[in-house]
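**Q** Sequence plus predicted model, see below.
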Amino acid sequence: MKLVPLRRRLLYALFSIRFGRRPSYKDVSDKSWQLAPPPKLSLNRKAVYLENQLDRVTDAGTSMEREYQRITGQWQEYRPTTAYLLKSAYLANGYLYKSALKTTLTSDKESLFLSNPYEKIDHAVLTSSYCGNVYFGHFIFDELPLTLAAKKLGKPISTYREKFYHESEYRVLLNLYSHPVSQASFKEIIVIDDVSWNDYKVERIESMRSRLRELIPTKNPKGVYYRRGTSGSSRLLINEAEVENFLAKKGFIILDPQKSSAQEILKESMEAEIIVGVEGSQLAPGLLSVKNEGAILTLQPPNRFNNIYKDRADPLNIIYGFLVGLPIDNGFKINLEELDKTLDLISSEIS
């Protein structure tokens, strides 16, 4: 196994010379099948926001074209969920190898020579993805739903990594476990393309939401504000104290995910009408606890405009809104009058 990365590079070179492209799971799989229906078109609703907000944006988390598509309520095509069976595959330090294919599941640098002992596993189902290993929000909405699908196909396994702060609690609450693997060879491993938020993925996330409602008492607060904190990418809200005070006077609960357990967060936020916070992974649990047909409002730094929560809110039938801040010092500031107006717009759409 120690020469697997080098051998993969040779096979990749031969493949790219012959076909002029990178190999895909379809190229190297021994079998593939659909776990969910074929693609369908869905008309997403327009995001809720005040006029001239886009004029403040100086840079986007993806691209302005992509962000504009997200917020303007365009038709969206959802791909099917597809499973690929790979025989004689290897997983090493966050990299999956099969013939000429290498899948990167970690931000760590690849090792060309492998020396550590490795497991020998007959059959498993991979639950990890690159984003799910790096971002807590993707862990919640990619790895956990994927683990639900994996349980029906075999033994769920994931790449070994440092756990997220609340990861163990969510796994216990949702009964979703995965065997962490550092290095292993597989007779068979199933890899699932589960990126698209089709009906099958939404069904699994709704089952997660339902399970939490069975376990956590309903509090039904008017709204919840999630502090961004210091973990993850820096998005400093300069007047956060003012924002919190303003929202608290409106009956919002203020939560600090870095100082509370997952169960405490869910208990305070269960069936909230609206969740608010600086765009980031700390908001992810809010989409698990917000009420059906509730709303999420993201506070956006002008130099990192990112509406990934629009992709998540639409399939769950949750209203999405955003408010772009004003650049100040090394962060951004939210105008309280604009926040009030945006909340009014969102409230008018909540059923």
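**A** Received, thanks.

**Q** and the spatially closest residue to Y226 that is not a sequence neighbour, what does it touch?
**A** Distance criterion CB to CB, 6 or more residues apart in numbering; nearest residue to Y226, sequence neighbours excluded, is G277 at 3.8 Å. Heads up, the C-betas are built off the backbone N, CA and C, glycines and all. By CB atoms under 8 Å, 6 or more residues apart in numbering, the residues touching G277 are Y225, Y226, R227, R228, L283, G286, T298, L299.

**Q** pLDDT-wise, what's the bottom of the residues you listed?
**A** Minimum pLDDT for the contacts of G277 is recorded at R228 (87).

**Q** mind checking the SS state of that one?
**A** Look at R228: counting by DSSP: H, G, I helix; E, B strand; the rest coil, its state is coil.

**Q** now do L173
**A** helix.

**Q** Specify the beta-bridge partners of V324.
**A** Note on V324: beta-bridge partners Q300, judged by DSSP bridges.

**Q** quick one, phi/psi of the closest residue to N175 other than its chain neighbours?
**A** In space, N175 comes closest to R211 once its chain neighbours are excluded; the distance is 7.7 Å by CB to CB, 6+ apart. Phi and psi for R211, reported as degrees, to the nearest 10, are phi -60, psi -40.

**Q** Most neighbours of all the contacts of G277, which one?
**A** The most crowded member of those, judged by other CB atoms under 10 Å, is L283 (27 neighbours).

**Q** Doesn't that one lie inside a helix?
**A** Yes - read with three-state DSSP, L283 is one of the residues of a helix.

**Q** which residues sit in contact with it?
**A** Counting by CB under 8 Å, 6+ apart, L283 has contacts G137, Y226, I275, G277, I296, T298, Y309.

**Q** Look up how far D314 lies from the fourth one.
**A** Distance from G277 to D314, counting by CB to CB, to the nearest Å: 19 Å.

**Q** ditto for the third one
**A** Using CB to CB, one obtains 15 Å as the distance from I275 to D314.

**Q** of those two, who's got more company?
**A** Using other CB under 10 Å, the more surrounded residue of I275 and D314 is I275, with 28 against 21.

**Q** coming back round to it: and the residue nearest to Y226, what pLDDT?
**A** pLDDT, G277: 98.

**Q** Please identify the helix or strand for it.
**A** According to DSSP states H and E, G277 maps onto strand 274-278.

**Q** Now do the least confident helix or strand in the chain by mean pLDDT: everything it contacts.
**A** Least confident helix or strand, the chain: helix 4-19 with a mean of 77, by mean pLDDT, DSSP states H and E. Contacting residues not belonging to helix 4-19 are listed as 22-23, 27, 90, 92, 95, 97, 99-102, 110-114 [CB under 8 Å, 6+ apart].

**Q** circling back to that earlier point, strands paired with the strand holding G277, and their directions?
**A** Checking strand 274-278 against DSSP bridges gives partners strand 223-226 (parallel), strand 295-300 (parallel).

**Q** from the middle of its chain, how far away would it be?
**A** 16 Å (CA atoms, centre = their mean, to the nearest Å).

**Q** wait, F332 sits on R304?
**A** No - at 9.1 Å, F332 and R304 do not qualify as touching, with contact defined as CB atoms under 8 Å.

**Q** Please enumerate the shared neighbours of the two.
**A** Shared contacts of F332 and R304 (CB under 8 Å, 6+ apart): R235.

**Q** Give me the number of neighbouring residues for the spatially closest residue to K46 that is not a sequence neighbour.
**A** Using CB to CB, 6+ apart and skipping the chain neighbours, the partner closest in space to K46 is G73 (3.6 Å). G73: 14 surrounding residues under other CB under 10 Å.

**Q** Many thanks, we can stop here.
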